[in-house]
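**Q** can you look at this prediction? I've put the sequence above it.
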Amino acid sequence: MKVIVQKFGGTSTRNIETREHMYKNIIREINKGNKVVAVVSAMGRYDDPYATDTLLSIVKKDELTDEEIDRLSSIGETLSTLVIKSELSAKGYNVSTVTNRELGIITNEHHTSATITTVEGKYILKKLESSDIVVCPGFQGYAQNGTITTLGRGGSDLSAVAIGVAIDACEVEIYSDVKGIYTADPRIVSDARKLDYISYAEMLELSKNGAKVLNHRCVLLAAKNNIVIHARSSFDESQGTYVLGDEKIMKDHLNELIISGITGSQNEARITLAGVDAKGCGAGQLFERIADEDVNVNVFNQVLVGGGRMDISLIINDKYVPIVVDIINDLKPILKPQKTIVRGNIGKVAVVGVGIKNNKGMYQKVYNTLMSHGINVEMTSCSEINISCYIDRDDVQEAQVLLHEAFLGG
């Protein structure tokens, strides 16, 4: 039995017209003799009547616990499964649904952004014995204590891959309103190209650095379990982009592009502690406290400036600035900084590709392209497949266009 997992987001489930496109994709696989597990999101976006954000807007969220918020948030997906089953059944197809518990996604108790601990596919596999299509609610799971949890941003992508792992699916198709993964955001870079294939590592870097096609957690899970992801459009039958392991790409689908993508984000901030006491242990305590608050430091730089002092600079997501500033203030007696500087309005542009490792002068080309057009690079971070430059937030879109032309133009 060949099973395909297909995930459909809110743009696919929104109304009867968009769902007809979704059904064509499901029926295509059924006609090939395959079985389908359809993982579905709530119907539409705010202010569509059954969208999750719409449901949340009708309550006073501050008066509810996170557990109660999760219970409410899960209703949209559950409703979507029943609507889709009723419509597909009316077309003559053998369809089942699963409940939250039968979904088999077990998580920790961190409500509104839970982490998957275990996935059990036995209920879905059992229903596939008698049904050609099993419709599952995305974005949710349940904790060991039985309460409903939700998986946070990109949770339906993550649950689709998790189910694919649990039932040993041959492929996980992630449907959206775009045709696949592009070398840049087509809304920003007009000549961006659709990729036929991309490696897990490259896709992960693009996701972490601002690309919104796939959630980085689902890519990590797919890479760990060698599950093929096919990112494609719900409204177009053409092939999308396959996300595969490096070895398979090199063997079967050698990608001649040195660079796979350019992406950017506009939500960074830079904090500099000038003249910190270099002899103390304050820096270690600073980063320990930051980690305890689950704040990720994107870039860290430490420079000795003489006189037993050093400057410490770090870049974080701007929403965490108040938390980090409070930590710094608590540690001032130990750090003894001469000055603390908070610089907002920072953005990031990232160049991602397996060719970075084996091609000389890549960083120089990135740096010179930006600086020659008056875009100042404040800090950088590099890996074997990623060069990220932190620049003024207002320059991020222009930087993506310039770098795409420099590396992928012509």
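**A** Received it, and whenever you're ready, just let me know what you need.
**Q** show me the helices in the stretch 301-410 of the chain, by range?
**A** Using DSSP state H, counting those that start in this stretch, the helices found in the stretch 301-410 of the chain span residues 321-330, 332-335, 362-371, 396-408.
**Q** just checking, what packs against the first one?
**A** By that I understand helix 321-330. Packing partners of helix 321-330 (3 or more CB pairs under 8 Å, 6 or more residues apart in numbering; DSSP states H and E): strand 261-277, helix 282-292, strand 339-352. C-beta coordinates here come from the backbone N, C-alpha and C atoms, glycine included.
**Q** let me have the ones you listed in CSV, extended by distance to residue 138 and mean neighbour count.
**A** Putting the helices and strands packed on helix 321-330 into CSV (distance: least, CB to CB, whole Å; neighbours: other CB atoms under 10 Å) gives the following:
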stretch, distance to residue 138, mean neighbour count
strand 261-277, 24, 22
helix 282-292, 31, 16
strand 339-352, 27, 20
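**Q** right, and residue 346 touches residue 378 too?
**A** Yes: contact status for residue 346 versus residue 378: in contact at 7.0 Å, counting by CB atoms under 8 Å.
**Q** overlap in contacts of those two?
**A** Residues touching both residue 346 and residue 378 (CB atoms under 8 Å, 6 or more residues apart in numbering): 270, 390, 391, 392.
**Q** quick check: strands, which of the residues you listed are part of them?
**A** Within these, residues falling in strands by DSSP state E are 270, 390, 391, 392.
**Q** that older thread, make a markdown table out of the shared contacts of residue 346 and residue 378 and add pLDDT.
**A** Below are the shared contacts of residue 346 and residue 378 laid out as a markdown table (pLDDT from 0 to 100):
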| residue | pLDDT |
| --- | --- |
| 270 | 95 |
| 390 | 95 |
| 391 | 96 |
| 392 | 96 |
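**Q** identify the residues contacting residue 346.
**A** Contacts of residue 346 (CB under 8 Å, 6+ apart): 268, 269, 270, 315, 318, 378, 390, 391, 392, 393.
**Q** again, only using 10 Å
**A** Residue 346 sits next to 265-270, 298, 315-316, 318, 378-379, 390-393, 396 when contact means CB atoms under 10 Å, 6 or more residues apart in numbering.
**Q** what's near enough to touch the residue nearest to it when sequence neighbours are not counted?
**A** Distances taken as CB to CB, 6 or more residues apart in numbering place residue 268 nearest to residue 346, at 4.0 Å, with adjacent residues excluded. Residue 268 is in contact with 298-299, 315-318, 343-348, 378-379, 388, 390-391, 393, 396, counting by CB under 10 Å, 6+ apart.
**Q** how about 7 Å then?
**A** Contacts for residue 268 (CB atoms under 7 Å, 6 or more residues apart in numbering) come out as 298, 315, 317, 318, 346, 347, 348, 390.
**Q** and those residues, which is closest to residue 243?
**A** For these, the minimum distance to residue 243 (CB to CB) is 22.3 Å, reached by residue 348.
**Q** bridging residues for the closest one?
**A** Beta-bridge partners for residue 348, by DSSP bridges, are residue 265, residue 390.
**Q** so how far is residue 67 from it?
**A** 35 Å (CB to CB, to the nearest Å).
**Q** where are the low-confidence patches of this protein?
**A** 1, 246-257, 410 (pLDDT under 70).
**Q** ends of stretch 295-313, what's the gap?
**A** This stretch, stretch 295-313, spans 15 Å end to end (CA to CA, to the nearest Å).
**Q** so which bits of it are buried?
**A** The neighbour-count check on stretch 295-313 (16 or more other CB atoms under 10 Å) flags 295, 297, 298, 299, 309, 310, 311, 312, 313 as buried.
**Q** put together JSON lines for the helices of the stretch 301-410 of the chain, with mean neighbour count on each row.
**A** JSON lines is the format used below for the helices of the stretch 301-410 of the chain (neighbours: other CB atoms under 10 Å):
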{"stretch": "helix 321-330", "mean neighbour count": "15"}
{"stretch": "helix 332-335", "mean neighbour count": "14"}
{"stretch": "helix 362-371", "mean neighbour count": "16"}
{"stretch": "helix 396-408", "mean neighbour count": "21"}
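**Q** could you point out which of the ones you listed sits nearest residue 193?
**A** Proximity to residue 193 (CB to CB) singles out helix 396-408 among the helices of the stretch 301-410 of the chain, at 7.0 Å.
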